[in-house]
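**Q** Below are the sequence and a predicted model for it; my questions follow.
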Amino acid sequence: MPMVKARDGMPIHVKDMGTGPAVILIHGWPLTGDMWEYQTLALIEAGYRVITYDRRGFGHSAHPARGYDYDTFADDLADIIADLELNDVSLVGFSMGGGEVARYLSRHGASKVKRAALVASVVPFMLKADDNPDGVQQDAFDDIKSEIRKDRFGFLQTFAKTFYGVGLVSKPVSSALMDWTFQLAVMASPKATLDCVDAFGTTDFRPDLSAFTVPTLIIHGTADKTVPIDATGRAAAAGITGATLIEYDGEPHGLFATAPERLNADLLAFLAT
């Protein structure tokens, strides 16, 4: 698979599959582009060109010591779009990946983008503040970083249970899928794993919302304990003009695996508009 060289020289690992209208699927923390397995297959079979990539610091991309901020991530996305000569591309960002969509649109504009989707996304603002009372306390992010430093491997296994709502959803994921999730997550640089907690946890995307000038779909689970819906999905829907919000009742954060058929159907319907 190709490596796209970012503007600072960092190689970004890209998978480019299928033919037809282009869709870029942007992964969440702390996984890789391969997390989109269910969606990639469905979109390719429906006649789309599907592009996934590993964010810098994750998977097979370069693991630099710095550069884990959303301006850099958005520039990496812009470099991928330019390198592949994409136009009228649809951007789909999951969790942390929603931040790339927001910052790309505000930093680079929507001239090459046809539509955008935010799936269980951190947009617009995760951190609790006086003007963001539904957000997550800073202590929660500090605890995550502390656990990563102490035992990253143990943390990742425990985190996956909350991520997929183990014990909460009526259709739990398999132990094999949990093992696969762990394998993707441990590929990340420890530095990137740590620094991205600050990136997705404390970056305020509210100023970026006005840049969503293309049709926008927001999908979020009501039982998401990782990225609570009130501060993110519902707030994004209220702040993005014309956005459509679809709430998945009772679904956890990792709905790409807990509700793949429903997510695939909703994405395909949106892409066909």
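**A** Cool, the structure landed. Fair warning: this is a prediction, and the values are worked out from it, not measured in the lab.
**Q** Help me confirm that D75 comes into contact with I12.
**A** No. The pair D75 / I12 is not scored as a contact, 10.6 Å apart, by C-beta atoms under 8 Å. To be clear about C-beta, it is placed using only N, CA and C from the backbone, and glycine gets the same treatment.
**Q** Need phi/psi at A46.
**A** Main-chain dihedrals, A46, degrees, to the nearest 10: phi -90, psi 0.
**Q** Report the spatially nearest residue to it, omitting neighbours in sequence.
**A** Among residues not flanking A46 along the chain, L268 sits closest, at 5.6 Å (C-beta to C-beta, 6 or more residues apart in numbering).
**Q** correct me, but P2 touches P11?
**A** No. Counting by C-beta under 8 Å, P2 does not reach P11; the two are 9.6 Å apart.
**Q** and the residue nearest to A46, what element?
**A** helix 260-271 (DSSP states H and E).
**Q** do the same with A116
**A** strand 113-119.
**Q** partners of that strand in the sheet?
**A** Strand pairing for strand 113-119, determined by DSSP bridges: strand 89-94 (parallel), strand 216-221 (parallel).
**Q** now the stretch 1-150 of the chain, which segments are flagged as low pLDDT?
**A** 1 (pLDDT under 70).
**Q** where along it do the strands fall?
**A** For the stretch 1-150 of the chain, the strands defined by DSSP state E, counting those that start in this stretch occupy 3-5, 11-17, 22-26, 49-53, 89-94, 113-119.
**Q** What's the local residue count around G33?
**A** 27 (other C-beta atoms under 10 Å).
**Q** quick one: it and G59 touch, right?
**A** Yes. The criterion here is C-beta under 8 Å, and G33 meets it with G59 at 6.6 Å.
**Q** Quickly list what's touching both of the two.
**A** The contact sets of G33 and G59 overlap at H13 (C-beta atoms under 8 Å, 6 or more residues apart in numbering).
**Q** Contacts only, for the closest residue to D204 other than its chain neighbours.
**A** Nearest non-adjacent residue to D204, counting by C-beta to C-beta, 6+ apart: F125, 4.9 Å away. Contacts for F125 (C-beta under 8 Å, 6+ apart) come out as N132, G135, T203, D204, F205, R206, A231, T232, A235.
**Q** What's the local residue count around D204?
**A** 14.
**Q** correct me, but it touches P124?
**A** Yes. Using C-beta under 8 Å, D204 is in contact with P124, at 7.3 Å.
**Q** ok so, going back, near the residue nearest to A46, how many other residues are there?
**A** Neighbours of L268 (other C-beta under 10 Å): 16.
**Q** any idea how far D179 is from it?
**A** Distance, L268 to D179, using C-beta to C-beta, to the nearest Å: 29 Å.
**Q** Can you show me the helices along the stretch 101-250 of the chain?
**A** 138-163, 175-186, 190-202, 233-239 (DSSP state H, counting those that start in this stretch).
**Q** how about CSV for those, with mean neighbour count and distance to H27 added?
**A** Below are these laid out as CSV (neighbours: other C-beta atoms under 10 Å; distance: least, C-beta to C-beta, whole Å):
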stretch, mean neighbour count, distance to H27
helix 138-163, 15, 13
helix 175-186, 16, 9
helix 190-202, 19, 11
helix 233-239, 20, 18
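**Q** wait, which of those helices is closest to P21?
**A** Taking C-beta to C-beta, helix 233-239 is the member of the helices of the stretch 101-250 of the chain nearest to P21, at 24.0 Å.
**Q** what sits up against that closest one?
**A** With C-beta under 8 Å, 6+ apart as the test, helix 233-239 has contacts from 98, 118, 120-121, 123-125, 134, 206, 209, 218-220, 224, 227, 243-245, 247.
**Q** Can you give the contact residues for stretch 68-79?
**A** By C-beta under 8 Å, 6+ apart, the list of residues contacting stretch 68-79 from outside reads 4-8, 10, 12, 24, 26, 55-57, 91, 99-100, 103-104, 107-108, 191-192, 195-196, 198-199, 203, 205.
**Q** Who are the contact partners of K161?
**A** Applying C-beta under 8 Å, 6+ apart, the residues near K161 are G167, M178.
**Q** Residue numbering should commence at 266 henceforth.
**A** Okay, residue one is now 266; in that scheme the one you just asked about reads as K426.
**Q** quick one: it from F406, how far?
**A** 19 Å.
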